[in-house]
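Visitor: Return atomic coordinates for the entry below.
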Amino acid sequence: MDQPSGGDRQGKWAWLTARVELLVPVLGLLILRAMLGWEDVRLAGWQTILIYGAAVLYTALVLWSPPKLPAKEPQTFSRTALRRTVLLIGLLILAGFGVLTLLSLTSDAPPAEGRLGLGGALVAILLLTLLGTAGVAAERRLPLDLFPVLRRREPWRIFYVLLSALFLAVLVQLWGGIWSDLASGIGRTLGETLPTETEVATLFDAGNPLRLFLNFLIGAGLFEELLFRVGIMTPVWFLTRRWGWGLLFSAVAFGLYHISPLSSMATVNLQAPVTAVVESFGVGLAMGVLYRYRGFMTAVMVHALGNWLVVLIFFAT
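Guide: Presented below is the predicted three-dimensional model:
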């Protein structure tokens, strides 16, 4: 019997990938409905139409062409490119901090404890700029394009990011819930007292959903993904030639970050530090896998949407 050619095997693999990918909107809708049911939250008619419409469009995109990060030729990083990258990332971070500052000044909610002061903000800007630049330089030397939305003028990639982010965010929250239960069990065994929902809710201004989403999009989505997935995971991946090592290092760093002064949740998380680190480590694993197979922009949107949905559903008053 003739063996299938490489092209045939790739075709069969693409066919299987497409069928598995169809589970994302299905499982996402089921889990989202369950989350809403737990809190007795009812969607408006337009919200229901929007969510189910997104699922239909996402399914159509998958059947048309399964999502896959494109390959690219590894490139060197010149001094000119280095200077340009430092400048662009630095300006992006400064703009992000500026927007976050404006959002906090226009919010009616009392400032949460643990917010960065001027010194902490400067440290964060420096870390994001340096590690972000190192990550971009390492990514250019990899044979995989982790920034396809930014590099390629293909509108369908943007639709993939926007449509898939909602359902992938829900799946990540399910994964995060599993790790949360595991982390809570470990913490209680070690004698930790977990923070209450009221204590956690004080960290977020859930009264204005748009302001809350912008906070998560910039702080959790853009900044944390730039720091941990681009700035830590990618250089380790390049140096070790194994993306799994980058995934592990970035997840550990992500876990420890949530009990560090750089995190606005540190004051609450330090009540049960082991629980917080283990739970954040599990979420870091999920975000690293998304970054590896879907790219940077998908990781940003999933991170932001996931946090936003959880706060709106479980902590909004």
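
Visitor: tell me which residues in stretch 19-37 are buried?
Guide: Across stretch 19-37, burial judged by 16 or more other C-beta atoms under 10 Å covers 21, 24, 25, 28, 29, 31, 32, 35. To be clear about C-beta, it is placed using only N, CA and C from the backbone, and glycine gets the same treatment.

Visitor: Among the residues you listed, which one sits closest to residue 182?
Guide: Checking the buried residues of stretch 19-37 against residue 182 with C-beta to C-beta, the nearest one is residue 31 at 18.3 Å.

Visitor: out of the buried residues of stretch 19-37, which are inside helices?
Guide: 21, 24, 25, 28, 29, 31, 32, 35 (DSSP state H).

Visitor: pLDDT weak spots in the stretch 201-317 of the chain?
Guide: 316-317 (pLDDT under 70).

Visitor: change it to 80
Guide: 201-203, 205-207, 314-317 (pLDDT under 80).

Visitor: Which one of the ones in helices among the buried residues of stretch 19-37 is nearest to residue 154?
Guide: residue 21 (17.8 Å).

Visitor: how much space between that closest one and residue 289?
Guide: Noted for residue 21: a distance of 14 Å to residue 289, by C-beta to C-beta, to the nearest Å.

Visitor: Does residue 304 touch residue 224 like I think?
Guide: No - checked against C-beta atoms under 8 Å, the pair residue 304 and residue 224 is beyond contact range at 9.5 Å.

Visitor: Quick check: chain neighbours aside, which residue is closest to residue 273?
Guide: Leaving aside its chain neighbours, residue 273 sits nearest to residue 259 (4.8 Å; criterion: C-beta to C-beta, 6 or more residues apart in numbering).

Visitor: wouldn't that neighbour be in contact with residue 276 here?
Guide: Yes - judged on C-beta under 8 Å, residue 259 makes contact with residue 276 at a distance of 5.5 Å.

Visitor: between the two, who's got more neighbours?
Guide: Shown here are residue 259 and residue 276; by other C-beta atoms under 10 Å, residue 276 has more neighbours (27 against 22).

Visitor: doesn't residue 144 make contact with residue 151?
Guide: No - using C-beta under 8 Å, residue 151 is not in contact with residue 144, being 11.8 Å away.

Visitor: Which one's more surrounded, these two?
Guide: The neighbour comparison of residue 151 against residue 144 (other C-beta under 10 Å) goes to residue 144, with 16 against 13.

Visitor: which one is the more buried one nearest to, not counting chain neighbours?
Guide: Ranked by C-beta to C-beta, 6+ apart and with sequence neighbours excluded, the top spatial neighbour of residue 144 is residue 69, at 5.5 Å.

Visitor: Alpha carbons of stretch 292-304, as PDB, please.
Guide: In PDB, the C-alpha atoms belonging to stretch 292-304 read as follows (Å, rounded to 0.1, in the frame of the first residue of the first chain):
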ATOM      1  CA  ARG A 292       2.600  29.700  21.200                       C
ATOM      2  CA  TYR A 293      -0.300  28.600  19.000                       C
ATOM      3  CA  ARG A 294      -2.300  31.800  18.400                       C
ATOM      4  CA  GLY A 295       0.200  34.700  18.800                       C
ATOM      5  CA  PHE A 296       0.600  37.800  20.800                       C
ATOM      6  CA  MET A 297      -2.600  39.700  20.000                       C
ATOM      7  CA  THR A 298      -4.800  36.700  20.800                       C
ATOM      8  CA  ALA A 299      -3.100  36.300  24.100                       C
ATOM      9  CA  VAL A 300      -3.700  40.000  24.900                       C
ATOM     10  CA  MET A 301      -7.400  39.800  24.000                       C
ATOM     11  CA  VAL A 302      -8.000  36.600  25.800                       C
ATOM     12  CA  HIS A 303      -6.300  37.800  29.000                       C
ATOM     13  CA  ALA A 304      -8.200  41.100  29.000                       C
END
